[in-house]
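**Q** turn this into a model:
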Amino acid sequence: MAITNTDRDIILWDHFRNGDAESFVSLFKNYYSDLFNYGCKITDDHAIIEDCIQELFIDLWRTQGKAEILSLKAYFFRAFKFKLIKAIGKAGKTISLLPEIHQNEFEISHEMLLINDQENAALAQKVFNAMQELSARQKEIIYLKFHQNLSYEEVGEIMNINYQAARNLVYQAIKVLKKIITIQLIFVSFFC
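**A** Residues are numbered from 1 along each chain as shown. Here you go, the predicted structure:
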């Protein structure tokens with residue numbers, strides 16, 4: 001049986017809690033890029049993002065992982081988001097993250113959607129265009145649920161909403177995407 005990323009993280013977390021510094025370094029390396037990418041969806045200030053990631057892990061080192069954590073990934077994302085919002089506020093930058101995140105913060109990059117096959121590229125363009133119609137929270141939840149592969153519980157914890165609200169928000173976002181894409185397909189087929 002293969003070890004999943006979640007299983008690996010649990011093993012690393014347990015080793016770290018027992019004083020293994022190498023496990024701590026591995027956790028940092030494993031989560032740095034995901035946290036950095038998530039931070040870039042919230043602000044374009046890379047220095048603040050890097051500082052907050054480092055502060056998160058410094059705090060973690062100081063406490064030696066005493067907290068009981070159900071999902072390490074959700075914990076890291078939530079703690080990082082809290083630190084980032086706080087740091088942006090301290091820096092005197094205006095941000096309206098709570099309760100709404102900036103409209104353009106959770107756009108999926110155009111490059112990510114383009115595929116080699118021309119037919120798939122056209123569909124990808126329709127999805128990208130449809131994503132622009134979503135609210136900021138819908139973009140965020142799509143990013144967390146499908147790009148980061150988090151569970152509804154983890155997404156709910158990060159976004160500070162309950163399990164059912166997370167499911168409902170994903171459902172509504174997908175419903176909006178389907179509606180927009182359907183309208184685009186009807187429009188294209190009508191004029192072609």
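
**Q** outside of the helix or strand encompassing residue 49 itself, list whatever touches it.
**A** Using DSSP states H and E, residue 49 sits within helix 46-63. For helix 46-63, contacts defined as Cβ atoms under 8 Å, 6 or more residues apart in numbering pick out 24, 27-28, 32, 35-36, 39-40, 43, 76, 79-80, 83-84, 87-88, 91. In short, each C-beta sits where N, CA and C put it, glycine included.

**Q** which of those residues count as buried?
**A** 24, 27-28, 35, 39, 43, 76, 79-80, 83-84, 87-88 (16 or more other Cβ atoms under 10 Å).

**Q** ok, back up a step: what angle sits between the helix or strand that the helix holding residue 49 is followed by and helix 46-63?
**A** Remark: after helix 46-63, the chain's next helix or strand is helix 72-90, criterion DSSP H and E. Interaxial angle of helix 72-90 relative to helix 46-63 (axes from the mean of the first three to the mean of the last three Cα atoms, to 10 degrees): 120 degrees.

**Q** for helix 72-90, packing partners?
**A** helix 5-17, helix 21-42, helix 46-63, helix 152-159 (3 or more Cβ pairs under 8 Å, 6 or more residues apart in numbering; DSSP states H and E).

**Q** in this structure, what spans have low per-residue confidence?
**A** 1-3, 65, 67, 93-124, 184-185, 187-192 (pLDDT under 70).

**Q** in the longest helix seen in it, which residues are buried?
**A** In the chain, with assignment by DSSP state H, the single longest helix is helix 163-191. Across helix 163-191, burial judged by 16+ other Cβ under 10 Å covers 166-167, 169-170, 173-174, 176-177, 180, 184.

**Q** got the domain boundaries for the protein?
**A** 5-90, 110-191 (automatic domain parsing).

**Q** what is the end-to-end distance of the first one?
**A** Between the opening and closing residues of domain 5-90 lies a distance of 35 Å (Cα to Cα, to the nearest Å).

**Q** how far off centre is it?
**A** 13 Å (Cα atoms, centre = their mean, to the nearest Å).

**Q** what's the answer for the last one, then?
**A** Taking Cα atoms, centre = their mean, one finds the center of domain 110-191 at 13 Å from the center of the full chain.

**Q** how far does stretch 147-160 stretch from start to finish?
**A** Start-to-end, stretch 147-160 (Cα to Cα) is 19 Å.

**Q** outside of that stretch, which residues touch it?
**A** 34, 38, 70-71, 73-75, 77-78, 81, 108, 137, 140-141, 144-145, 162-163, 165-167, 169-170.
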